[in-house]
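# predicted model, plus sequence, below.
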Amino acid sequence: MNQRMPRRQFLHAGVVLAGSSALAGAVTRVARFASPKGGVRISLAGWSLHRRHRERAMGLLDFPRVAREEFDIEAIELVNTLFPSPHYSFLQSLCKEAERHRVKILLTMVDREGDLSSADREHRLQAVRNHHKWVDITRVLGGHAIRVNSGGRPKNVEDIDRCADSLARLGDYAAEQGLDVIVENHGGISSHPDSLLEVLRKAGRDNLGTLPDFGNFPEGTDRYEAIRAMMPHARAVSAKCYDFDQDGNETSIDFRRMMRIVEQAGYRGYVGIEYEGNRLPERDGILAAKRLLESIAVASPATK
């Protein structure tokens, strides 16, 4: 999806939405730390259902209904590559479906919009501009953030500086609309917490943060310590999962240990299920992840 909607059109769309009784509250920023003390609020990442999308078994307008009716999940995270259209009429329809099914739209994960660490300055600045439309779109949909990819090489000073400059520029644009820009460990600089935190330090914007993902780390990385390092800056959390054993535990990631780290960081926002396995059907994998997260929340001493 490479079409662009003029910024003025999106800002006008936000005004229209704010005044619409059918979509009342749709443009209200989602609270970052909204879950009950000791509890966990579960969201569903759109990528968990990407096979259904690719097989045309569902479209993005079906996502709020599927989240609520199939999984009883109250919040969703969108993926830009699964959007069929950038037009305002489509966004309005998506807002109406979310309102109808009492589902919050939290954020948009943005891929394939250019390298924010590119050594070619014009290419890099174009990548920043490419992300602007997703800030606009997410604002219209009532989300609080866009997730971006860092690109670049970890521990490379030039790439870190270039990425920091890009994020500072994008952060300034997003701040105008009250949105955050968050970076997931998703390859390049971002998969090495020390390099990612250096980028955020150099960028120096209050609305920049992280989206710690339980997976996505290079081989040999201590994923638990990496998540611990990212959590103080977390504005969202991704419970990446691949498969489950007969007792309902994730086979490659210790979810209980991960959730202790999340809780110890004082995070009270949504934890997004991102099922990426192949053995189980998407529906079964999502439900297994939900059961596991709920069992951890119930077992937590903080909930007793």
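Received, thanks.

# quick one: low-confidence parts of the chain?
Within the chain, the ranges that satisfy pLDDT under 70 run 1-39, 299-304.

# repeat the analysis, applying 90 as the threshold.
Applying pLDDT under 90 to the chain picks out residues 1-40, 85-86, 216, 219, 297-304.

# hang on, Ala45 packs against Ala75?
No - if you go by Cβ atoms under 8 Å, Ala45 and Ala75 don't touch, sitting 10.2 Å apart. Any C-beta I mention is one placed from the backbone N, CA and C, and that applies to glycine too.

# who has more neighbours out of those two?
Ala45 (26 against 23; other Cβ atoms under 10 Å).

# mind listing what the more buried one touches?
Going by Cβ atoms under 8 Å, 6 or more residues apart in numbering, Ala45 touches 76-77, 79, 109, 238, 272-274.

# can you flag which of those belong to strands?
76-77, 79, 109, 238, 272-274 (DSSP state E).

# any chance of those residues in TSV, with distance to Arg129 too?
Formatted as TSV, those follow (distance: Cβ to Cβ, whole Å):
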residue	distance to Arg129
Ile76	27
Glu77	23
Val79	20
Met109	19
Ser238	26
Gly272	27
Ile273	32
Glu274	28
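
# name the nearest of these relative to Val66.
Relative to Val66, the closest of these is Ile76; by Cβ to Cβ it sits at 9.0 Å.

# and the closest one, how far is that from Leu167?
Here the criterion is Cβ to Cβ, to the nearest Å. By it, Ile76 lies 25 Å from Leu167.

# got it, and His132?
13 Å.

# and for Ala175?
Distance of Ala175 to Leu167, given as Cβ to Cβ: 12 Å.

# identify the contacts common to those two.
Counting by Cβ under 8 Å, 6+ apart, the common neighbours of Ala175 and Leu167 are Arg205.
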